[in-house]
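A.B. asks: predicted model, plus sequence, below.
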Amino acid sequence: MAKRQLIELAHARSGDKGDRVNIGLIAKRPEDYPVLVREVTAERVKQHFATVCLGKVERFELPNLEAMNFLLHEALDGGGTFALKADPQGKTYSAALLRMEIDVD
């Protein structure tokens, strides 16, 4: 197995609502989707965002789209109107997720 960054296998897009971040992860090729399902678990995403996601991470599979959706709870320090962070929105979380390394056959 070789280590590869998600950006080589997937596209991603993210957004926010309140104190939650929503990240869509879409396989670039149909044959990459099973690898994403195996490697990009809710637990791994939670670990990847450990310093900013204080709540749980939920994963929703969308096999007909060869995609997954992750919902990160308590990830924005209260959300856009409450947070003291310089960027209290979830727009950059997709780029951060694409830096995650996974094992690929």
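C.D. replies: Structure received. Residues are numbered from 1 along each chain as shown.
A.B. asks: CA atoms for contacts and neighbours, from now on please.
C.D. replies: Noted.
A.B. asks: checking Glu74 next. Helix, strand or coil?
C.D. replies: coil (DSSP: H, G, I helix; E, B strand; the rest coil).
A.B. asks: swap in Val52?
C.D. replies: Per three-state DSSP, Val52 ends up coil.
A.B. asks: leaving out sequence neighbours, find the closest residue to it.
C.D. replies: Ala75 (5.5 Å; CA to CA, 6 or more residues apart in numbering).
A.B. asks: ok, that neighbour - contacts?
C.D. replies: 19-21, 52-55 (CA atoms under 8 Å, 6 or more residues apart in numbering).
A.B. asks: take those and write them to TSV, including distance to Met100, pLDDT and neighbour count.
C.D. replies: Below are the contacts of Ala75 laid out as TSV (distance: CA to CA, whole Å; pLDDT from 0 to 100; neighbours: other CA atoms under 10 Å):
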residue	distance to Met100	pLDDT	neighbour count
Asp19	22	84	22
Arg20	20	91	22
Val21	17	92	25
Val52	15	89	15
Cys53	15	92	21
Leu54	18	94	15
Gly55	19	96	15
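A.B. asks: now those residues in JSON lines, with distance to Glu39?
C.D. replies: Below are the contacts of Ala75 laid out as JSON lines (distance: CA to CA, whole Å):
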{"residue": "Asp19", "distance to Glu39": "26"}
{"residue": "Arg20", "distance to Glu39": "23"}
{"residue": "Val21", "distance to Glu39": "20"}
{"residue": "Val52", "distance to Glu39": "21"}
{"residue": "Cys53", "distance to Glu39": "19"}
{"residue": "Leu54", "distance to Glu39": "22"}
{"residue": "Gly55", "distance to Glu39": "21"}
